[in-house]
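Peer 1: test case, fold it:
(one chain, ligands or ions: 2)
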Amino acid sequence: MRILMISAEYAPLAKTGGLADALAGLSDALSRRGHDVRALLPGYGRPLPPGYVGSRAERIAGVELRVAQRTEGGPTLFVVESDEIGRDGRIYLGDDRDGARFWRFSRAALDVVAALDWHPDVLHCHDWHASLVPALARRSTLAATPSVLTLHNAGYQGTFARGVLPEDAQSAIAALEDDASRARDWVRFLELGIRHASIVTTVSPGYARELRTPELGMGLDGLLRKRGDDFVGILNGVDYSLWDPESDPYLSTRFTRSDSSGKRRVKLELCGELGLVDDAPLVGAVSRLVEQKGIDLLVAALPELLGRTRARFAILGSGEAWLEATLAGLAASHRERLAFRSGYDEALAHRIIAGSDLLVMPSRYEPCGLTQLYAMRYGTIPVVRKTGGLADTVSHFDSATGKGTGCVFEHADAQGLIWGLTTALGWYEDEGVWRRVVANALQVDFSWTRQSAEYEALYRRSS
Ligand code: ADP
Ligand code: GLC
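Peer 2: Ligands and ions are numbered 1, 2, ... in the order given. The predicted model follows:
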């Protein structure tokens, strides 16, 4: 099949989180299954990363287009540049300008595809940034091409006051809305995608169930329930060529999954790098610092955890200023016990996930979550909240049966998290128990090779 992915992120070209990893991992896996997979994304004025070659920019359909590929092959990338999308390297501006930028991107995506001499069998659009595409496609030369919309995070819906959008966007959107939506003075990009895509998916079965409920549906539950069987949850996968201790391109010390002394060396190096004393369990966190991720719960729990346990903490993240400031303050007053690095650092993310004993994810909601899947591959035990994809992928360890791959806690508050971490730290102190839970985590397989087959079946169903 000829499959076209349309997305704001694609690793490693443009990444702020798991969306980029999911796009690249799924595209690679489908391409390995023999499909002709291409992905269209904005270039944001960034240079191509090492390992990629690209054509010279060519003017087409009102934008500049570069065709790029990894030197060793794989999916073809259509990288779109324009002044209106922006060329200063930033993926999201986080304000009203994003409405115009991703409107422009969606329009350009369709115009570019119409101008190519390559015709997709399916358009696979991702998140609100590309969710106008299935709607706009209905009134274009691609009207007969099926479209799939994947919701990676329904917390971001592309909601804008009509007046902040360019006039051509306002009229095109109004033409696609129903009467009730048209009567509002705001628009919601994601809603149009949900209404018009041939099939809507999200990134775990658990999150699909949650999104159908008024409590957790973020105002989309009615629309999604209406889609019936055409709204499905498919769990994300992992690209184990990037996230495995034996092949991790970012680790200076690689180790086999059965070699606990190798993992210990990575932990020692990490503690040295971060100025932490390495004589105790190390708890890692790699996260966007936003409400969704419950990092405020971690901040609230840390004073008690530092007082009651001997754990060390290695935290990497960027996001809300108050969280960064509070974490920096805690690090300053607990040197050797807590290290915080703000910013985005791919290599350090790999080292923390690989070198920690525990990885904490106290998310309020989590569509899938990838870091817990990565962690298990390195024998790092995830401590996660029972929600969405976290609940689908981590099972709570039961010392009576010896089954379970991590620690799952229920309540989205500091006490819930303290219970989760102290429970897992208790396992760590018992060598036999710890060996068992680590062995269980190492055994799980969430490879894209398997998950991509589900998408393949879905594409066939949509056409
Ligand atoms: P989300 O997409 O909601 O942020 P996921 O768990 O799906 O959550 O994916 C997060 C991805 O982003 C992982 O690859 C993780 O390593 C990466 N990541 C998050 N924050 C940072 C950071 N500050 N530096 C480097 N990588 C990060
Ligand atoms: C989103 C979600 C995350 C998911 C990722 C990839 O960013 O927050 O849970 O893993 O997309 O699908």
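Peer 1: following the helix or strand hosting W419, which helix or strand comes up?
Peer 2: Secondary structure here is read from DSSP states H and E; on that basis W419 sits in helix 414-428. Under the assignment DSSP H and E, the closest C-terminal helix or strand after helix 414-428 is helix 431-443.
Peer 1: put the alpha carbons of that following helix into CSV.
Peer 2: These are the backbone C-alpha positions of helix 431-443, laid out as CSV (Å, rounded to 0.1, in the frame of the first residue of the first chain):
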residue,chain,number,x,y,z
GLU,A,431,17.2,-9.0,46.3
GLY,A,432,15.1,-12.0,45.3
VAL,A,433,11.9,-10.0,44.7
TRP,A,434,13.8,-7.4,42.8
ARG,A,435,15.5,-9.9,40.5
ARG,A,436,12.1,-11.3,39.7
VAL,A,437,10.3,-8.1,38.9
VAL,A,438,13.3,-7.0,36.7
ALA,A,439,13.2,-10.3,34.8
ASN,A,440,9.5,-9.9,34.2
ALA,A,441,9.9,-6.4,32.8
LEU,A,442,12.8,-7.5,30.6
GLN,A,443,10.5,-10.1,29.0
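Peer 1: which strands or helices does the helix holding W419 pack on?
Peer 2: Taking 3 or more CB pairs under 8 Å, 6 or more residues apart in numbering; DSSP states H and E as the contact definition, the neighbouring helices and strands of helix 414-428 are helix 295-308, strand 358-361, strand 381-385, strand 407-409, helix 431-443. Just so you know, the C-beta spots here come from the backbone N, C-alpha and C atoms, and that holds for glycine as well.
Peer 1: H152: which of those is closest?
Peer 2: Of all those, it is strand 358-361 that lies closest to H152, at 16.0 Å by CB to CB.
Peer 1: coming back round to it: which one, of the helices and strands packed on helix 414-428, ends up nearest to ligand 1?
Peer 2: In terms of CB to the nearest ligand atom, the element of the helices and strands packed on helix 414-428 nearest to ligand 1 is strand 358-361, at 7.4 Å.
Peer 1: partners of the closest one, with directions?
Peer 2: Note on strand 358-361: by DSSP bridges, its sheet partners are strand 282-289 (parallel), strand 381-385 (parallel).
Peer 1: can you give me the helices for the stretch 201-350 of the chain?
Peer 2: Using DSSP state H, counting those that start in this stretch, the helices of the stretch 201-350 of the chain run over residues 205-211, 221-226, 260-274, 295-308, 321-333, 346-355.
Peer 1: go through whichever strand or helix holds L4 and flag the buried ones.
Peer 2: Taking DSSP H and E as the definition, one finds L4 inside strand 2-6. Residues of strand 2-6 classed as buried by neighbour count (16 or more other CB atoms under 10 Å): I3, L4, M5, I6.
Peer 1: ligand 2 contacts on the protein?
Peer 2: With CB under 6 Å from any ligand atom as the criterion, the chain comes near ligand 2 at residues 17-19, 22, 152-153, 203, 236, 366-370, 389.
Peer 1: and those residues as a markdown table, adding neighbour count, distance to ligand 1 and pLDDT?
Peer 2: Formatted as a markdown table, the entries for those read as follows, by neighbours: other CB atoms under 10 Å; distance: CB to the nearest ligand atom, whole Å; pLDDT from 0 to 100:
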| residue | neighbour count | distance to ligand 1 | pLDDT |
| --- | --- | --- | --- |
| G17 | 18 | 3 | 95 |
| G18 | 25 | 2 | 97 |
| L19 | 27 | 6 | 98 |
| A22 | 27 | 7 | 98 |
| H152 | 23 | 7 | 98 |
| N153 | 21 | 6 | 98 |
| V203 | 29 | 8 | 98 |
| N236 | 25 | 7 | 98 |
| E366 | 31 | 7 | 98 |
| P367 | 29 | 7 | 98 |
| C368 | 26 | 6 | 98 |
| G369 | 30 | 4 | 98 |
| L370 | 24 | 4 | 98 |
| G389 | 29 | 8 | 98 |
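Peer 1: show only the entries of the residues you listed found in strands.
Peer 2: Applying DSSP state E to the residues of the chain next to ligand 2, no entry is found in strands.
Peer 1: if you look at the residues you listed, which of them are in helices?
Peer 2: In helices, judged by DSSP state H, the following of the residues of the chain next to ligand 2 are found: G18, L19, A22, G389.
Peer 1: what's the closest non-adjacent residue to the second one?
Peer 2: If the residues on either side of it in the chain are set aside, L19 comes closest to E9, at 4.5 Å by CB to CB, 6 or more residues apart in numbering.
Peer 1: same thing with the third one?
Peer 2: Distances taken as CB to CB, 6+ apart put N236 closest to A22, at 5.1 Å, once the chain neighbours are dropped.
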